[in-house]
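Undergrad: Coordinates for the following, if possible.
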Amino acid sequence: MKTVDINSPEFQQEFLKTEKFAHKVVKQFGWKFNPDEEIVERVLKGLTNNKLLYGKRFCPCFPVIEKDGKYVSADNRICPCKQAIEDEIPNKGACHCGIFCSEKFSQKANKNSHIKIDGLSVNELEEILKKEQLLGSELEVLLKAREKELLDFELIDIREPFEHQMMRIKGTDKLLPISRVQYDLDEWMKLKDKRIIIYCHVGSRSAYLQRALQQQLGFDKVGNLTYGIADYPGEIERG
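TA: The predicted model follows:
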């Protein structure tokens with residue numbers, strides 16, 4: 001299997017070409033680079049790597065597969081991808097990989113760049129929010145950030161109503177019991193394009209539902225509280 005040495009002259013030369021390419025993209029579409037320079041550098045290196053390995057600047061956040069003797073992106077993602085141009089940047093402010101963003105997104109990121117919650121920057125918090133499996137301590141800091149309007153997500157309790165009444169995480173937005181998914185399907189589908197975190201008592205039911213939402217309904221922004229409310233160190237509501 002061919003590999004690329006990022007310290008090689010070949011990689012360095014191609015990296016410069018990728019930088020020039022990215023600047024042309026920004027100018028063409030009137031975008032901005034993400035203010036987080038680490039994200040920009042990481043994606044540029046990923047694009048360079050894919051160009052050398054596969055001959056095209058496939059988005060590094062998506063797998064590249066071989067099909068009919070040719071390399072293709074599993075989600076048809078070649079930078080700048082159609083999804084970023086038509087949906088992600090106009091509607092969400094930034095592309096999936098995070099290298100390109102809108103003027104508004106850039107300004108907001110710069111404004112919040114100095115803010116830290118429990119020692120974590122907004123960018124670090126956003127990376128935590130993208131995780132599929134979350135610890136109780138991570139959810140606690142995410143809720144603190146949401147209170148300050150630094151993050152946007154919904155917290156869903158998927159236990160039964162009697163469990164919810166007995167105790168629930170403060171900040172829970174909805175109760176949608178796993179036993180009623182087929183009846184509450186319309187409510188779930190309203191959440192499909194939002195970032196959500198689901199939880200149960202110890203994480204087993206929510207992990208099962210997470211897989212079902214991903215595999216059967218196409219959810220791609222759902223996180224699971226790995227060890228459930230039993231592992232949550234933050235404030236609990238009762239009654």
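Undergrad: if I pick the most centrally placed residue in the chain, what's in contact with it?
TA: Geometric centre of the chain, nearest residue: Lys130, 3.6 Å, by CA atoms, centre = their mean. Residues near Lys130 by CB atoms under 8 Å, 6 or more residues apart in numbering: Gly223. Bear in mind the C-beta positions are built from the backbone N, C-alpha and C, glycine included.
Undergrad: Would you mark the buried spots in the least confident helix or strand in the chain by mean pLDDT?
TA: Least confident helix or strand of the chain, by mean pLDDT, DSSP states H and E, is helix 103-112 with a mean of 80. Residues of helix 103-112 classed as buried under the neighbour-count rule (16 or more other CB atoms under 10 Å) are Phe105, Ser106, Lys108, Ala109, Asn112.
Undergrad: could you say what helices and strands the next helix or strand after that helix packs with?
TA: As assigned by DSSP states H and E, the chain's next helix or strand after helix 103-112 is strand 116-117. Counting contacts by 3 or more CB pairs under 8 Å, 6 or more residues apart in numbering; DSSP states H and E, strand 116-117 packs against helix 136-147.
Undergrad: could you show me where the strands are in this protein, in order?
TA: Here the chain has its strands, by DSSP state E, at 32-33, 64-67, 70-73, 100-101, 116-117, 120-121, 133-134, 154-157, 168-169, 174-175, 196-199, 222-225, 236-237.
Undergrad: Low-confidence stretches in the protein?
TA: 1-3, 111-114 (pLDDT under 70).
Undergrad: CA atoms only for the longest helix along it, dumped as PDB, please.
TA: Assignment by DSSP state H gives helix 9-29 as the longest helix of the chain. Presented in PDB, the C-alpha positions along helix 9-29 are these (Å, rounded to 0.1, in the frame of the first residue of the first chain):
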ATOM      1  CA  PRO A   9      10.000  17.100  -0.800                       C
ATOM      2  CA  GLU A  10       7.200  15.600  -2.800                       C
ATOM      3  CA  PHE A  11       4.600  16.300  -0.100                       C
ATOM      4  CA  GLN A  12       6.000  19.800   0.600                       C
ATOM      5  CA  GLN A  13       5.800  20.700  -3.000                       C
ATOM      6  CA  GLU A  14       2.200  19.400  -3.400                       C
ATOM      7  CA  PHE A  15       1.200  21.100  -0.100                       C
ATOM      8  CA  LEU A  16       2.200  24.500  -1.600                       C
ATOM      9  CA  LYS A  17       0.000  23.700  -4.600                       C
ATOM     10  CA  THR A  18      -2.900  22.800  -2.300                       C
ATOM     11  CA  GLU A  19      -2.500  26.100  -0.400                       C
ATOM     12  CA  LYS A  20      -2.700  28.000  -3.700                       C
ATOM     13  CA  PHE A  21      -5.800  26.000  -4.700                       C
ATOM     14  CA  ALA A  22      -7.500  26.700  -1.300                       C
ATOM     15  CA  HIS A  23      -6.900  30.400  -1.700                       C
ATOM     16  CA  LYS A  24      -8.400  30.400  -5.200                       C
ATOM     17  CA  VAL A  25     -11.500  28.600  -3.800                       C
ATOM     18  CA  VAL A  26     -11.900  31.200  -1.100                       C
ATOM     19  CA  LYS A  27     -11.600  34.000  -3.600                       C
ATOM     20  CA  GLN A  28     -14.000  32.300  -6.100                       C
ATOM     21  CA  PHE A  29     -16.800  31.800  -3.600                       C
END
